[in-house]
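Participant: I'll drop the sequence and a predicted model, then ask my questions.
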Amino acid sequence: MGVLCKTSSFIKTVIKNRFFSLKSLKMCSCDNKIAKPEIRTLHYVFKIADRRKTMEFYKNILGMKVLRHEEFADGCEASCNGPYANRWSKTMVGYGPEDDHFVFELTYNYPIHHYDKGNDFIGVTIKSQDILKRAAENSWPIIKGNVLEAPGGYKFFIDDEPQSDNPIDKVTFSCSNLEETINYWNCILGMKVYSRDDEIKTAILGYSFKQTKLEFIQISEKINRAEAFGRIAFSCPDEQQLVIEAKVKQIEGKILVPLTSLDTPGKATVRVIILADPDGLEICFVNDAPFRKLSQYTPDDEKILIVQMQKDDERMLEEKKI
């Protein structure tokens, strides 16, 4: 019962914060060199255990499309697929090209069939009337407050209003100390504070009002990232990666992966630095120009995904026979 109550309070807080006003905007006075419009909020990474059910949700319920799909024989040097040294894939899904849309990276580790979920990730808010209609038409459960649950237990809060071209409004996370979290994201990483409520301990931050924003809600429990933990990604010019690295080193913050080049077969090589905020939320900053080449919309990639999902089905049938 306790877990249900905590989840319900999260939902109520997120719903309350859906319609924050610019009149209550509180800007931090930190003087930093990072808060520039060149930084783009790119995507959030979900670990998924069932590609077919997951794709049904993102395509048929949320109405997204497959933007690109990539297969990898070994684990990622930057732990993009988590702490797994195995074959894996990533599927990027969204409402439009990654150049100007916030999207999701769906990471699939072939040997893993389940991920324990922690309390670090609360949910994603999307503004759309069409999503609720599709959910009803496809008999997908709608939880009180217009909340949908994706395979894996990831929650999506749906604002029932006309859908814009970039309808993903914000991604919400738990934090253990709101003041420390704001200080890190605003004063160290240069995000603007768009809304803050010290009574219910929440804040909404972003690099641009038009981009998808991050919301943090302070909770009393210890942050548990469990196995399903994700990663939020941003792009910036090469020189800003160096500034970010220097600022994080200056405060002795966590750098999980120092500046590293990552190759994608047949595509561009990008450079990334992976950080962790005070509660361990993983943060990726990738250099913008190469990433724009890497992230080009490739519709034919969906055919590769379909073939691989068919092979997933065959493997599952074989496993049931054993």
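Facilitator: Yes, it's here. Numbers count the residues shown, from 1 in each chain.
Participant: what comes up buried for stretch 278-289?
Facilitator: P278, D279, L281, E282, I283, C284, F285, V286, N287, D288 (16 or more other CB atoms under 10 Å). To be clear about C-beta, it is placed using only N, CA and C from the backbone, and glycine gets the same treatment.
Participant: Out of those residues, flag the one nearest to N177.
Facilitator: P278 (6.9 Å; CB to CB).
Participant: isn't there a strand covering I255?
Facilitator: Yes. Counting by DSSP: H, G, I helix; E, B strand; the rest coil, I255 is found in a strand.
Participant: next helix or strand past the helix or strand hosting T91?
Facilitator: Assessed by DSSP states H and E, T91 sits inside strand 88-94. Next helix or strand after strand 88-94 toward the C-terminus (DSSP H and E): strand 103-109.
Participant: What is that next one packed up against?
Facilitator: strand 40-48, helix 51-55, strand 88-94 (3 or more CB pairs under 8 Å, 6 or more residues apart in numbering; DSSP states H and E).
Participant: and the second one, what other elements does it pack with?
Facilitator: This points to helix 51-55. strand 88-94, strand 103-109, helix 301-321.
Participant: a markdown table for these, including distance to L214?
Facilitator: Below are these laid out as a markdown table (distance: least, CB to CB, whole Å):
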| stretch | distance to L214 |
| --- | --- |
| strand 88-94 | 17 |
| strand 103-109 | 15 |
| helix 301-321 | 28 |
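Participant: R52: which of the ones you listed is closest?
Facilitator: Here helix 301-321 is closest among those (CB to CB), at 5.2 Å.
Participant: just checking, what packs against the closest one?
Facilitator: helix 51-55, strand 65-72, strand 88-94.
Participant: These: which one's closest to N109?
Facilitator: Checked against CB to CB, the stretch from the helices and strands packed on helix 301-321 lying closest is strand 88-94, at 4.7 Å.
Participant: Can you show me the CA trace of the closest one as PDB?
Facilitator: Output in PDB follows, covering the C-alpha atoms of strand 88-94 (Å, rounded to 0.1, in the frame of the first residue of the first chain):
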ATOM      1  CA  TRP A  88      22.600  -5.000 -27.800                       C
ATOM      2  CA  SER A  89      20.600  -2.600 -30.000                       C
ATOM      3  CA  LYS A  90      19.300   0.900 -29.800                       C
ATOM      4  CA  THR A  91      16.100   2.200 -31.500                       C
ATOM      5  CA  MET A  92      15.400   5.900 -31.600                       C
ATOM      6  CA  VAL A  93      11.800   6.900 -31.700                       C
ATOM      7  CA  GLY A  94      10.000  10.300 -31.700                       C
END
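Participant: Enumerate the positions of it that are buried.
Facilitator: W88, S89, K90, T91, M92, V93, G94.
Participant: how near is the last one to H114?
Facilitator: What it means is G94. 26 Å (CB to CB, to the nearest Å).
Participant: next one: the second one
Facilitator: Distance of S89 to H114, computed by CB to CB: 17 Å.
Participant: Also the fourth one?
Facilitator: In this view, T91 and H114 are 19 Å apart by CB to CB.
Participant: swap in the third one?
Facilitator: For K90, the distance to H114 equals 19 Å [CB to CB].
Participant: OK, contacts around the residue nearest the centre of the chain?
Facilitator: Closest to where the C-alpha atoms of the chain average out (CA atoms, centre = their mean) is Y44, at 1.8 Å. Taking CB atoms under 8 Å, 6 or more residues apart in numbering, we find Y44 in contact with F102, F104, E105, V124, V171, G230, R231, I232, A233.
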